[in-house]
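Student: just need the structure, nothing else, for what follows:
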Amino acid sequence: MVIVDPVTQEIIEGKLAATVDEMGVVMARTSMSPVIYEVLDFACGLLTREGELVAQMNGITLFTGTFGTQVKSLIALYGDDLEDGDILLTNDPYSGGTHACDFAIVKPIFFDGRILAYAINVAHYLDVGGSVPGSLAPNATSVFQEGLRLPGVKVVRNDRFSGEVLRIIRENVRLPDIAIGDLTAQVATVRVAARRMGELARKYGTAVVEAAFDHLLAMSEKQARAAIAALPDGVYESRDIIDGDGVTTDPIEVRVAVTIAGDRLTADFTGCPPAVAGPINCAAGALQSAVRTIFKALVAPQAPSNEGWFRPLDVIAPQGSVFTAEKPSPTGWYYEGSVHASELVWKALAGLMPERFSAGSYTSLCVVYISGKDAAGQPFIHIEPQHGGWGASKDADGANALIALTDGDTYNYSVEVIEARFPLMVRRYALNLEGGSGAGRRRGGFGVIRDYEVLAAGASAYCSFGRTETPPWGIEGGAPGTPNLLQVEDSAGQVSNFGREPHIALKSGDLVRIITGGGGGWGEARSREAEHVRRDVEDGYISKETARNLYGFDERMAG
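Tutor: Modelled structure (predicted):
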């Protein structure tokens, strides 16, 4: 057994972190899609030869737990049929992935004739075919309506692109040049990773590098077990509602039972409904990732992610449920379903770890697709996740205008980029103060309002907003938050409201207004300190009337 000295271990771990960060820089600088280089809707990682994650850049939170399942599915598919110079592509939600728009590029990294590690880059493509521009029909009832799937193909052989695979992609997507540009950028990142891992192996030898991998995973596992063991054993349950699936508006009740026993934690989703008709289902890989997101926040929120942290975690769910959908159930809007799995575990643990977990958030990414043709007659597809209000915690008000739980270290577009790239004008971008947030001793954070004026004739939009009916939950007597909403206002001032909508015809001059909700409150509103209420009034967050009615505030109290 090889023992790695502490200095060498630290150097190797630093090299791993630097490598995945370098992959991210290369991707952001060379990709073609604004949703990648502006929003950063991608993530990169390094895994052992067995498919266990050892390093991941900051990126899409929900990719954290899918890297291992995707790589292991490819290992099972190919076995020994992998050679130096091969690069694989998969976007299959049922083999550890998320939805067809997320292309995973995986490179087996060889050294001295054997696989040392795997590099992976998962990125969201603007369009992969299917029934609508952008590929995510909110009313899809089958995965076959959601675009091209390539469940484990060799896109590169002997370091040369497969012309056949590239032609298949080009002929099945609406923006082929952008898609191939993004693919090329992904391939560049995994090649960077291969070079850096080669440098490590040449300097220290493969035995030392692999021993460092093992030590990193073992130490993370040890810390995770210690963090769980410090918590009281018990069963912690929660329930929530998903507001429709895109096909119907019927509420979907979901639940979880979180069991802490010694140094293990189990999240059991038994009792959740079968996969629904619409595309808010997620597959098992996305469920694993959704739970891991919260588990990591519980045991070590600041530490770099790797597979070792999750060894004490078990996720139980019956096959074919809304959280473990199987082919041909649609999964295009998987993040709208999987975020509820995250929030269920979050809600169950909030009372147990009040210093770590807050009240409910606006939850949904509130994504709107706007597509059509620009002034030059070229097709465009605009997609953008939106920020919203997070719930209050025991000691602090909720965060304003923060990205949803699923997306992690991502951004929205700057106004300048939107107006330069698309026939859209941003007319308003402000906190959603009129919508409010959950009142409490600590109030929820505020969502946002973002108005886009459509400058193109004949454009259209579609959306799938969650929490349009069921608001974010409060804690310890805190009030619920406020809902999300999409509005379209025409030039005559006529306003139409939407939640999950498959097609909205747009005219030049129409305003598309995205309204995200506020987070839930913590504690009784009338126990909020007078100086905090006064400050909110002075800052324009709440009106004097709200201060009186919700918080019982009289200016003489703080005088």
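Student: Leu486 falls within a strand, correct?
Tutor: Yes. Checked against DSSP: H, G, I helix; E, B strand; the rest coil, Leu486 lies within a strand.
Student: what count of nearby residues applies to it?
Tutor: Leu486 has 26 neighbouring residues, counting by other CB atoms under 10 Å. C-betas here are computed from N, CA, C, even on glycine.
Student: all strands for the stretch 301-450 of the chain, in order.
Tutor: 313-316, 368-373, 379-384, 424-431, 448-454 (DSSP state E, counting those that start in this stretch).
Student: these: which one's closest to Gly440?
Tutor: strand 424-431 (17.9 Å; CB to CB).
Student: note down every partner strand of the closest one and its orientation.
Tutor: Strand pairing for strand 424-431, determined by DSSP bridges: strand 448-454 (antiparallel).
Student: give the bridge partners for Thr48, please.
Tutor: In this structure, Thr48 bridges to Ala117 when assessed by DSSP bridges.
Student: burial count for it?
Tutor: Around Thr48 there are 22 other residues, counting by other CB under 10 Å.
Student: what about it, distance to Phe213?
Tutor: 5 Å (CB to CB, to the nearest Å).
Student: show me the common contact partners of these two, please.
Tutor: Common contact partners of Thr48 and Phe213 (CB atoms under 8 Å, 6 or more residues apart in numbering): Val54, Ala117.
Student: tally of neighbours for the nearest residue to Tyr335 once chain neighbours are set aside?
Tutor: In this structure, Tyr335 finds its nearest non-sequential neighbour in Thr406, 4.6 Å apart by CB to CB, 6 or more residues apart in numbering. For Thr406, the neighbour count with other CB under 10 Å is 26.
Student: need the contact list for Thr406.
Tutor: The contact partners of Thr406, taken as CB under 8 Å, 6+ apart, are Ile60, Thr61, Leu62, Ala290, Thr293, Tyr335, Ser338, Val339, Ser342, Leu365.
Student: how many neighbouring residues does the second one have?
Tutor: To tie it back to what came earlier, the one meant is Thr61. Neighbours of Thr61 (other CB under 10 Å): 27.
Student: how about it, what does it touch?
Tutor: Contacts of Thr61 by CB under 8 Å, 6+ apart are Ser289, Thr293, Leu405, Thr406, Asp407, Gly408, Asp409.
Student: what about 7 Å?
Tutor: Contact analysis of Thr61 by CB atoms under 7 Å, 6 or more residues apart in numbering lists Thr293, Leu405, Thr406, Asp407, Gly408.
Student: before we move on, the earlier item: most neighbours among the contacts of Thr406, which one is it?
Tutor: When neighbours are counted as other CB under 10 Å, the busiest of the contacts of Thr406 turns out to be Ala290, with 32 neighbours.
Student: so what does the helix or strand hosting that one touch, helix or strand wise?
Tutor: Per DSSP states H and E, Ala290 falls inside helix 284-299. Judged by 3 or more CB pairs under 7 Å, 6 or more residues apart in numbering; DSSP states H and E, helix 284-299 is in contact with helix 66-78, helix 206-229, strand 313-316, helix 334-350.
Student: go with 10 Å
Tutor: In terms of contacts (3 or more CB pairs under 10 Å, 6 or more residues apart in numbering; DSSP states H and E), helix 284-299 is packed against helix 66-78, helix 206-229, strand 251-261, strand 264-268, strand 313-316, helix 334-350.
Student: hmm, back to that, now the contacts of Thr406 as TSV including pLDDT?
Tutor: TSV is the format used below for these (pLDDT from 0 to 100):
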residue	pLDDT
Ile60	74
Thr61	75
Leu62	80
Ala290	95
Thr293	92
Tyr335	94
Ser338	95
Val339	95
Ser342	96
Leu365	94
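Student: gap between Asp243 and Ala224?
Tutor: For Asp243, the distance to Ala224 - CB to CB - is 34 Å.
Student: let me have the strands of the stretch 301-450 of the chain in JSON lines, extended by mean pLDDT.
Tutor: JSON lines is the format used below for these (pLDDT from 0 to 100):
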{"stretch": "strand 313-316", "mean pLDDT": "98"}
{"stretch": "strand 368-373", "mean pLDDT": "97"}
{"stretch": "strand 379-384", "mean pLDDT": "94"}
{"stretch": "strand 424-431", "mean pLDDT": "97"}
{"stretch": "strand 448-454", "mean pLDDT": "98"}
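Student: among those, which is nearest Asp397?
Tutor: That would be, of these and by CB to CB, strand 424-431, which comes in at 12.9 Å.
Student: so what touches stretch 414-421?
Tutor: Residues from elsewhere that reach stretch 414-421 (CB atoms under 10 Å, 6 or more residues apart in numbering): 34, 37-39, 374, 380, 382, 384, 412-413, 424-427, 429, 450, 452-453, 455.
Student: go again using 7 Å as the cut-off
Tutor: Pro34, Glu38, Leu424, Met425, Val426, Tyr429.
Student: how close does the last one sit to Gly388?
Tutor: Between Tyr429 and Gly388 the distance, using CB to CB, works out to 13 Å.
Student: of these two, give the one with the bigger neighbour count.
Tutor: The residue with more neighbours, out of Tyr429 and Gly388, is Gly388; 35 against 14, by other CB under 10 Å.
Student: wait, the more buried one touches Thr516, no?
Tutor: Yes. Using CB atoms under 7 Å, Gly388 and Thr516 qualify as a contacting pair, with a distance of 3.4 Å.
Student: identify the residues contacting Lys296.
Tutor: Taking CB under 7 Å, 6+ apart, we find Lys296 in contact with Ser305, Trp309.
Student: relative to Leu405, how far out is it?
Tutor: Remark: distance between Lys296 and Leu405 (CB to CB) = 12 Å.
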